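Asker: Starting from these lines, generate the structure:
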Amino acid sequence: MSDWFVYVLRCGDGSLYTGITTDVARRLAEHASGGPKAAKYLRGRGPLSMAFSVRVGGKSAALSAERWFKARHKSRKEELITGRIPWPGPK
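Answerer: Okay, the predicted model is just below:
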């Protein structure tokens, strides 16, 4: 079983995009290329930068953590990204 990560990209317009993957660098490259595996949301929102990533275990845990993170208000997400508050993960 491979490790899964939750990652957060910061877009050129200041918005945040959250996803899951087993290879963070590969996924960033896919999104940045704008190719067929890139998220439609990210098209035209470059440049993209990796704001945050955390290993969360298996795929089920990654999906749960992604859902939990997406439910937070943007100000709370920013606190997590910058490390002002620790990553608690899903409850």
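Asker: what's the helix or strand for the nearest residue to Trp4 once chain neighbours are set aside?
Answerer: Excluding the flanking residues, the one nearest Trp4 by CB to CB, 6 or more residues apart in numbering is Ala62, at 3.6 Å. Every residue, glycine included, has its C-beta placed from N, CA and C. According to DSSP states H and E, Ala62 maps onto helix 59-70.
Asker: Also Val6?
Answerer: Using DSSP H and E, Val6 falls in strand 4-10.
Asker: From the contact counts, what lies against the helix or strand that comes right after that strand?
Answerer: Using DSSP H and E, the helix or strand that follows strand 4-10 in sequence is strand 16-21. On a contact count with 3 or more CB pairs under 8 Å, 6 or more residues apart in numbering; DSSP states H and E, strand 16-21 meets strand 4-10, helix 24-33, helix 59-70, helix 74-82.
Asker: Turn these into CSV, columns for mean neighbour count and mean pLDDT.
Answerer: Shown next, in CSV, are those (neighbours: other CB atoms under 10 Å; pLDDT from 0 to 100):
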stretch, mean neighbour count, mean pLDDT
strand 4-10, 22, 97
helix 24-33, 16, 95
helix 59-70, 17, 94
helix 74-82, 14, 94
